[in-house]
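Peer 1: give me a model of this one.
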Amino acid sequence: MSRAGAMSVVHDNTQAGAPASAVAMKLLVRVARLLFVYGETSEGTRRSVERLGEALGTPVMFTARWGNIRLQPNEYTFGAEILADPVAIDIGRVNATQCLVDDLCTFRLQADQALQQLDAIGHMPPVSLARFAIMAAAGAAALAVIFGAVHVLTVALVAISAGLGACARRGVSHFGSSPFLQPFVAALLAGAIVSLVNLLHLPASQHLLAACPCMVLVPGPHFLNGTIDLLRARIALGASRVLFAVLIVVAISAGLFIGLSIGTTSFEEVRSAAAVPLIYDVCAAGIAVAAYGSFFNMPWRMLLLPIGIGMAAHALRWGLLDMGASVHLGAFAACVLVGSCTAVFSHRLRVPFGASSFAAVVSLIPGIFMFQTAADALAVIANKSDLSATVLTEITGNAVTAALILLAMTAGLIVPKMMFDYWLAARPH
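Peer 2: Below you'll find the predicted structure:
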């Protein structure tokens, strides 16, 4: 069992004279761990845990690092330290835990009942394999449409690749707890399918067939949570979250390129995407949001609102691009809309901001440019192409384009969230 899957209290030095009771401290420890491990922002976890402590008559201070969280009665007392790795994303568990905190703070729930409910939350099953595979296939196919797929065969093969990848991920999850193995295997399968398509000379867009199944593996919530921590000067935790996300992307890229090498297939150069009609773009965006909500175990009843936000954001971006705006400006404007709406509804519906906002903007991620940059760099290292001015310009151009879009998206999502958090902290209680 991984550290993230264990409930371990390393130290518990709470002073006997402190107002904490054993039951209250147990509740606080378990709530803090569930929120931290399953995708809530560090600030959201701190706010909920300290609010619950006040309601239970057990005031605590919450601090977090990668690998553990600490609850202290005050800054001079050590308190309790709990092992916890924030490697999972589960909207359903976070929502259930936050609702339980609300019930405890308003005295609608007794402590012994809360402990029983926390046991149930800790053992909530993931989404079914059928839903996971079907939504992975639908999400990847929707991304292919958004990125300009013009042939039905391309969309069908993308869906098959992503669906098989989802089944492979669920299968290898029984053989180890490494968070890098599942995306590596799914990306390896995607690359192998591209090699097979190339061998059979099927008329499918290889760069979409390679990129779209891998896009559904990108750990966007970890990037967002890490960036928020960095902006709040939680440097060690934020850097660890971002590094964790980067390592997952490295595992995805490694699996993809190993799969492509099976048939001596190189990553096809990025071509100009066909113009996508507004209705196709918006509808595909809604499907992609629904798919990501399913990956993150979002309850069905909560999907409608993020789907609407994602579709509205895509309509805004499509309109700006149609008027001649740059892709960076289009991505920024769409993400400002998503960030503003999601900051409010994630607080009201008690769901984690990172997962719910990323689900609405995943189709804006410049995954094709990112994978193309990595492929060109690997080709140069392997001496498959000369480092000419043309190749260097292409690598630099793709890298800069991807970086600018990512920066625009990050700013658009996080700035509204930070402003909303400051408003929450400043308003009278």
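
Peer 1: helix, strand or coil for A190?
Peer 2: Three-state assignment for A190 (DSSP: H, G, I helix; E, B strand; the rest coil): helix.

Peer 1: that one: what's it in contact with?
Peer 2: Applying Cβ atoms under 8 Å, 6 or more residues apart in numbering to A190 gives the contacts S161, A162, G165, L209, A210, P213, C214, G255, L256, G259. C-betas here are computed from N, CA, C, even on glycine.

Peer 1: I figured the fifth one hits F371, correct?
Peer 2: Yes - A210 lies in contact with F371 (Cβ atoms under 8 Å); the separation is 6.8 Å.

Peer 1: the two: who's more crowded?
Peer 2: For A210 and F371, the more surrounded residue by other Cβ atoms under 10 Å is A210, and the numbers stand at 30 against 25.

Peer 1: element containing that one?
Peer 2: Assigned by DSSP states H and E, A210 belongs to helix 206-215.

Peer 1: tell me the mean pLDDT over that helix?
Peer 2: Mean pLDDT, computed over helix 206-215, is 88.

Peer 1: same check on stretch 46-56?
Peer 2: When pLDDT is averaged over stretch 46-56, the result is 93.

Peer 1: got it, and stretch 100-108?
Peer 2: Summarised as a single mean, pLDDT over stretch 100-108 is 92.

Peer 1: re earlier: and the contacts of the next helix-or-strand element following the helix holding A210?
Peer 2: Sequence order places helix 220-231 as the next helix or strand after helix 206-215, per DSSP H and E. Here helix 220-231 makes contact (Cβ under 8 Å, 6+ apart) with 39, 41-43, 86, 89, 235, 237-242, 244-245, 248, 296, 352-355, 357-358, 361-362, 365, 410, 413-414, 417-418.

Peer 1: and this protein, what are its domains?
Peer 2: According to automatic domain parsing, the chain comprises the domains 3-122, 129-426.

Peer 1: which of those domains has the lowest average pLDDT?
Peer 2: Among the domains of the chain, domain 3-122 scores lowest, with a mean of 83.

Peer 1: from the chain's centroid, how far away is that domain?
Peer 2: Computed by Cα atoms, centre = their mean, to the nearest Å, the chain-centroid distance of domain 3-122 equals 23 Å.

Peer 1: give me the residues contacting stretch 110-121.
Peer 2: By Cβ under 8 Å, 6+ apart, the residues outside stretch 110-121 that reach it are 23-24, 26-27, 30-31, 34, 56, 93, 96-97, 100, 103-104, 109.

Peer 1: ok so, going back, what about the helix holding A210, distance to the chain center?
Peer 2: Taking Cα atoms, centre = their mean, one finds helix 206-215 lying 18 Å from the centre of the chain it belongs to.

Peer 1: could you find the closest non-adjacent residue to H314?
Peer 2: A285 (3.9 Å; Cβ to Cβ, 6 or more residues apart in numbering).

Peer 1: check R30 too.
Peer 2: Counting by Cβ to Cβ, 6+ apart, L118 is the residue found nearest to R30 once chain neighbours are left out, at 4.9 Å.

Peer 1: what helix or strand is that neighbour on?
Peer 2: Using DSSP H and E, L118 sits in helix 111-122.

Peer 1: next secondary structure element downstream of that helix?
Peer 2: Next element after helix 111-122 (DSSP H and E): helix 129-146.

Peer 1: in that next one, which residues are buried?
Peer 2: Across helix 129-146, burial judged by 16 or more other Cβ atoms under 10 Å covers 131-146.

Peer 1: fine, thanks again, bye for now.
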